[in-house]
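**Q** Please find the sequence and the predicted model below.
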Amino acid sequence: MPLRTSTFSSITPRQIRVIGVPLDLGQSRRGVDMGPSAVRVAGLEARLEAIGHVVEDAGNIAVAIPEQKKEGAANSKYLKEITATCTKSAELVLKTLEAGKIPLILGGDHSVAAGTVSGVAEFYRRKNQKIGLLWIDAHTDMNTPESSPSGNVHGMPLASIMGLPPFELGKIFDFSPKVQPENCVLIGIRDVDNFEKENIRKSGVQVFTMRDIDERGMRSVMEEALSLAGNGTVGYHVSLDMDWIDPEDAPGVGTPVWGGATYREAHLAMEIIADHGCMLSFEIVEVNPVIDEHNQTADLAVELALSAFGKKIL
């Protein structure tokens with residue numbers, strides 16, 4: 001019998017710039033401002049370099065803290081400060097892409113995504129190209145100030161990206177929406193506010209709930225999601241909220257919700273993204289080391305980033 005030879009895949013080296021955005025003004029529970037540090041402590045840079053990438057850490061964007069500022073309107077707390085932070089991060093993301101590097105954003109609460117997506121979308125808009133968006137999250141984050149039960153802006157970034165209020169957050173670089181609804185795909189949704197559901201239906205975004213994953217399996221959902229996000233676009237931004245994963249595997253998150261993706265489902269999703277080869281940028285948000293267990297969630301965040309950037313079992 002002839003011996004079977006195995007082929008080991010190699011990773012194409014990429015230039016990656018890590019950008020920390022330690023923003024926690026978008027939610028009431030404190031601690032996610034320490035998320036970028038927790039992910040760095042888990043060895044993000046060294047572990048990405050170990051699989052062949054070249055990594056530069058640009059440090060953290062300066063962010064105001066609640067003790068320094070007034071809350072502002074009760075239905076959109078700290079919106080002015082959040083918009084200012086997202087504008088700064090959007091400009092740095094744009095410069096990163098102009099330098100030929102891949103932005104890897106570390107949040108902070110999920111409101112940071114308004115800045116990240118703005119920067120990526122603007123870079124490709126100048127080339128007359130569109131981007132897609134994979135929003136991987138337990139929540140849809142499509143509340144508006146009028147529909148939000150809490151007034152916390154971390155529940156509104158996708159609404160602003162899609163051209164809904166709060167308009168201040170969505171008008172970075174003076175165009176809206178940042179992504180066309182047919183190219184915006186939500187994956188793993190399982191906790192949606194009642195008034196938020198109408199915003200989702202009207203927006204036209206594509207949604208795969210945890211039930212879809214349960215019934216169809218992760219591969220089927222991810223293949224369709226990537227097809228939608230990539231249809232007519234140059235590629236897509238991946239926004240990964242760690243609360244997408246079940247709290248059993250990711251206990252240290254801003255807003256945990258039971259019934260999420262398992263450890264292996266999460267890795268499979270990232271591996272499929274890597275196989276597809278069209279990821280333009282990546283962000284990890286809502287890591288909260290204050291309620292984590294031995295930095296378990298930050299370590300998982302690094303593992304998932306490695307999978308998204310091409311690490312394979314063989």
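**A** Now that the structure is in, tell me what you want to look at.
**Q** Any stretches of the stretch 1-150 of the chain with poor pLDDT?
**A** Regions of the stretch 1-150 of the chain meeting the criterion pLDDT under 70 cover residues 1-9.
**Q** tell me, how many neighbours does S89 end up with?
**A** By the criterion of other Cβ atoms under 10 Å, S89 has 29 neighbours. No exception for glycine: its C-beta is placed from N, CA and C like everyone else's.
**Q** my read: it touches P103, true?
**A** No - the pair S89 / P103 is not scored as a contact, 9.2 Å apart, by Cβ atoms under 8 Å.
**Q** Now stretch 181-195: buried residues?
**A** Neighbour-count burial for stretch 181-195, with 16 or more other Cβ atoms under 10 Å as criterion, is recorded at 183-193.
**Q** circling back: between S89 and P103, which contacts overlap?
**A** Here S89 and P103 have 19, 116, 119 as joint contacts, going by Cβ atoms under 8 Å, 6 or more residues apart in numbering.
**Q** can you tell me how far M162 sits from N183?
**A** Using Cβ to Cβ, to the nearest Å, M162 is found at 11 Å from N183.
**Q** for Q27, that is, sorry about that
**A** Going from Q27 to N183 by Cβ to Cβ gives 27 Å.
**Q** now the strands: where do they sit in the stretch 151-300 of the chain?
**A** Assigned strands in the stretch 151-300 of the chain, in chain order: 184-189, 206-209, 236-241, 279-285 (criterion: DSSP state E, counting those that start in this stretch).
**Q** Redo these as CSV? Include mean pLDDT and distance to R40.
**A** As requested, these are arranged in CSV below (pLDDT from 0 to 100; distance: least, Cβ to Cβ, whole Å):
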stretch, mean pLDDT, distance to R40
strand 184-189, 98, 25
strand 206-209, 98, 31
strand 236-241, 98, 16
strand 279-285, 98, 11
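**Q** Include distance to S150 when you put those strands into a markdown table, please.
**A** Below are the strands of the stretch 151-300 of the chain laid out as a markdown table (distance: least, Cβ to Cβ, whole Å):
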| stretch | distance to S150 |
| --- | --- |
| strand 184-189 | 18 |
| strand 206-209 | 22 |
| strand 236-241 | 16 |
| strand 279-285 | 17 |
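**Q** returning to that earlier point: for the buried residues of stretch 181-195, which one is nearest H53?
**A** Of all those, H53 sits closest to I187, with 24.5 Å by Cβ to Cβ.
**Q** what are the bridge partners for the closest one, then?
**A** In this entry, I187 is beta-bridged to I136, F208, by DSSP bridges.
**Q** Quick check: it touching L134?
**A** Yes - using Cβ under 8 Å, I187 makes contact with L134 at a distance of 6.4 Å.
**Q** joint contacts of the two?
**A** With Cβ under 8 Å, 6+ apart, I187 and L134 have common neighbours A225.
**Q** re earlier: nearest to H154 among the strands of the stretch 151-300 of the chain would be which one?
**A** strand 279-285 (8.5 Å).
**Q** which helices and strands sit right next to the closest one?
**A** Under the contact definition 3 or more Cβ pairs under 8 Å, 6 or more residues apart in numbering; DSSP states H and E, strand 279-285 sits against helix 35-41, helix 79-98, strand 102-107, helix 113-125, strand 236-241, helix 296-308.
**Q** Report the inter-axis angle for the fourth one versus strand 102-107.
**A** Looking back up the chat, that one is helix 113-125. Calculated by axes from the mean of the first three to the mean of the last three Cα atoms, to 10 degrees, helix 113-125 forms an angle of 170 degrees with strand 102-107.
**Q** go on, the longest one?
**A** For the pair helix 79-98 and strand 102-107, the angle between their directions (the same axes, to 10 degrees) equals 160 degrees.
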